[in-house]
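In: Sharing a model that was predicted from the sequence below.
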Amino acid sequence: MVKTQLIVLAAVASVATAFAPMQMSVSENGAARRDFIKAAGTAAVATVGSVAFPLVSSAEVEVPAQVTAYDFPTDWGLTFKYEDDAAKVRVHMVTATGLGKGAEKMEDFGKNMKKEMVDFVSYYRRFPKVAGKPSFSTLYTSINVLAGHYTSYGYKYPLPEKRRKRLYQEYAEIDKSLKRGR
């Protein structure tokens, strides 16, 4: 909401300065056109840049301490109802992100988690109505991060603090999007 207002404000300011009345003589007419094109181009680049490359989530999320004791889930797999599956995958990913070194059944959890993530993405990315949802795209990004960690470091090693922080921010965004039905 705030970002949209800033974009609109920047665009309006750029357009207003581009169309501001100037005192010019006939010989300055070419310079005025160049100034207009320069101002309009700057406004267009600023607007497109802020829409095409949105900022990272600005919400400050508290990263919980890593745990070694947890309840091992028994509800692995998909129900083929997007909202339920997305919420379940998110909950499992939050648990996986919070596991510390030496957590019990960490390797089994990681293997089940990776299978569930692959199944989720493989199934739901085929549906344009689901694949276009903000919750899906953010969850897809989080899945890629966690799956990449498992591929690079294996299932026994916890995520580094910087990666955990980013994932918890994304989990918060996913939760908000799912609550809004998006």
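Out: Nice, I can see it.
In: so what's Tyr171 up against?
Out: Contacts of Tyr171 were listed using CB atoms under 8 Å, 6 or more residues apart in numbering, and they are Val61, Arg90, Met93, Val94, Thr97, Ser142. C-betas here are computed from N, CA, C, even on glycine.
In: so which of those comes closest to Gly181?
Out: Arg90 (15.0 Å; CB to CB).
In: Can you give the contact residues for the helix or strand hosting the closest one?
Out: Arg90 belongs to helix 82-98 when assigned by DSSP states H and E. Applying CB under 8 Å, 6+ apart, the external contacts of helix 82-98 come out as 64, 66-67, 70, 73, 75-76, 78-79, 109-110, 113, 116-117, 120, 124, 130, 135-136, 139, 142-143, 146, 159, 164, 167-168, 171, 174-175, 178, 181.
In: if we go to 7 Å?
Out: Applying CB atoms under 7 Å, 6 or more residues apart in numbering, the external contacts of helix 82-98 come out as 64, 66-67, 70, 73, 75, 78-79, 109-110, 113, 116-117, 120, 124, 130, 135, 139, 142, 146, 159, 164, 167-168, 171, 174-175, 178.
In: That one: which residues count as buried?
Out: Within helix 82-98, the residues that qualify as buried are 82, 85-90, 92-98, counting by 16 or more other CB atoms under 10 Å.
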